[in-house]
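Trainee: give me coordinates for this.
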Amino acid sequence: MTTEPYGKKNPFPAPVLSVRHITGEGSPKETIHIEYSLDGSGMNYIAGDALAVIPANDPSLADALIDKLGLSPDSQVPTPEGETASLKDALVHCYDITNVNKALLTKWAAASGSQELDTLLAGDKDALSDFLWGRDVLDLATEYPASFESAEAFVGILKKIMPRLYSIASSPNAHPEQVHLCVGAVRYTARDRKRGGVCSTYMADRLQPGHTARVFVHTNKNFRLPEDGDTPIIMVGPGTGIAPFRAFWEERAASGAKGGNWLFFGNPYKATDFCYEDELNQLTGTGKLKLSVAWSRDQEKKVYVQHLMVQEGEELWKWLEAGACFYVCGDASRMAKDVDNALHEVIQTWGHKTPEEAAAYVADMKQHRRYQRDVY
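Mentor: Numbering: from 1, shown residues only. The predicted model follows:
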């Protein structure tokens with residue numbers, strides 16, 4: 001019998017080597033750096049790739065849900081993989097209990113006999129999506145009590161827990177047989193209950209050295225360093241968007257690349273939010289990196305990475321004209337658009353181009369893979 005290689009269909013149980021906070025006490029953001037061992041996995045990655053992590057749910061959430069439904073935690077139930085597990089283990093490791101979609105709500109409406117849910121499902125799409133936002137299965141069990149004939153019938157309405165993708169924050173040449181992530185822990189309160197992002201709080205709160213997490217490598221061919229190490233690179237990565245750029249600067253150092261490296265980084269406060277400060281200071285001190293940092297809350301007027309790009313537009317234009325590759329990582333909804341607008345503005349101002357000519361210049365950069373984005 002041959003065992004399937006580790007990958008998407010067969011995630012690797014990666015031992016946790018370390019977990020540390022890289023934002024300080026009192027920071028508005030909670031950012032962690034977590035290191036996993038890939039020793040013996042046979043899995044390889046390249047700077048720019050992502051790691052998929054399959055999270056485990058908070059055991060206390062699973063307990064509360066089992067209690068609310070009046071089921072036994074020891075009942076044996078099928079898992080999505082076709083095996084059997086206790087209800088408690090299945091709810092912690094196998095099933096999604098933190099997201100509610102229309103399909104699940106339809107089954108819940110039937111199990112609860114709720115007229116209110118039937119009306120909601122038959123009505124306005126916007127009202128439905130408003131209702132679903134931020135609700136988990138415990139909310140349904142609390143607000144619309146339902147009875148299931150067995151634990152098996154209950155898990156039969158649930159979806160499998162899905163992997164979460166994170167940009168890898170390490171170079172395999174700098175850290176052989178390891179993979180590092182830079183993750184922002186998501187926490188919020190809804191309906192008087194404290195909640196968190198399933199995977200980010202799993203890593204921040206419940207994983208410790210010696211534990212294992214199920215992982216596999218997700219290749220990202222659209223986010224790659226230039227093949228020629230002499231090519232300069234400009235990296236724009238505020239917040240946890242810095243993750244793949246740590247992989248980039250480590251890889252460039254390990255390969256002896258001679259091209260210039262320029263990082264635009266931003267976060268709220270210098271005192272608490274200077275992620276990878278020691279590494280960045282060392283790189284700038286030895287002249288291997290040009291660093292432009294926007295501390296948005298350290299002064300009255302908020303300053304972001306796109307503002308720095310415009311301020312340093314003359315120099316940025318020189319780098320672009322010297323063939324630099326331009327990379328952006330982080331928030332797609334606002335930051336990536338603002339950075340794109342700033343790039344156009346710099347090209348118009350310092351390249352003396354019309355908006356149409358600047359757009360053509362950017363289109364040409366994209367075509368020649370000189371403008372790459374890893375946004376989410």
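Trainee: please make it C-alpha for all contacts and neighbour counts, starting now.
Mentor: Fine.
Trainee: the residue nearest the centre of the chain: what's it in contact with?
Mentor: Against the mean C-alpha coordinate of the chain, by C-alpha atoms, centre = their mean, the closest residue is Tyr166 at 4.2 Å. Shown in contact with Tyr166 (C-alpha atoms under 8 Å, 6 or more residues apart in numbering): 50-53, 181, 183.
Trainee: what's the answer for Leu308, then?
Mentor: Counted by C-alpha under 8 Å, 6+ apart, Leu308 has contacts 264, 292-294.
Trainee: so which elements touch the longest strand along the chain?
Mentor: Longest strand in the chain, counting residues (DSSP state E): strand 12-21. Here strand 12-21 touches strand 31-37, strand 212-218, going by 3 or more C-alpha pairs under 8 Å, 6 or more residues apart in numbering; DSSP states H and E.
Trainee: could you dump these into a markdown table with mean pLDDT and mean neighbour count added?
Mentor: What follows is the helices and strands packed on strand 12-21, written out as a markdown table (pLDDT from 0 to 100; neighbours: other C-alpha atoms under 10 Å):
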| stretch | mean pLDDT | mean neighbour count |
| --- | --- | --- |
| strand 31-37 | 98 | 22 |
| strand 212-218 | 98 | 21 |
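Trainee: out of those strands, flag the one nearest Trp350.
Mentor: Nearest to Trp350, of all these, is strand 31-37, at 36.2 Å by C-alpha to C-alpha.
Trainee: partner strands of whichever helix or strand comes after that closest one, with direction?
Mentor: Downstream of strand 31-37, the next assigned helix or strand under DSSP states H and E is strand 50-54. Here strand 50-54 has these sheet partners by DSSP bridges: strand 164-167 (antiparallel), strand 212-218 (antiparallel).
Trainee: how much space between Glu4 and Lys337?
Mentor: Per C-alpha to C-alpha, to the nearest Å, Glu4 is found 42 Å from Lys337.
Trainee: those two: who's more crowded?
Mentor: Lys337 (13 against 9; other C-alpha atoms under 10 Å).
Trainee: what helix or strand is that one located in?
Mentor: helix 335-350.
Trainee: over to Met365?
Mentor: Using DSSP H and E, Met365 falls in helix 355-367.
Trainee: out of the contacts of Tyr166, who's nearest Phe245?
Mentor: For these, the nearest to Phe245 is Leu181 (11.4 Å; C-alpha to C-alpha).
Trainee: contacts for the helix or strand that closest one falls within, please.
Mentor: Leu181 is part of strand 178-184 when elements are defined by DSSP H and E. Strand 178-184 is contacted from outside by 29-39, 166-172, 200, 240, 242-243, using C-alpha under 8 Å, 6+ apart.
Trainee: repeat that with 6 Å
Mentor: Here strand 178-184 makes contact (C-alpha atoms under 6 Å, 6 or more residues apart in numbering) with 30-38, 168-170, 243.
Trainee: hey, C-alpha coordinates of it in PDB?
Mentor: The C-alpha trace of strand 178-184 is given here as PDB (Å, rounded to 0.1, in the frame of the first residue of the first chain):
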ATOM      1  CA  GLN A 178      10.600  25.200   7.900                       C
ATOM      2  CA  VAL A 179       7.700  27.500   6.900                       C
ATOM      3  CA  HIS A 180       6.900  30.800   8.700                       C
ATOM      4  CA  LEU A 181       3.700  32.800   8.700                       C
ATOM      5  CA  CYS A 182       2.800  36.400   9.800                       C
ATOM      6  CA  VAL A 183      -0.900  36.400  10.900                       C
ATOM      7  CA  GLY A 184      -3.200  39.100  12.300                       C
END
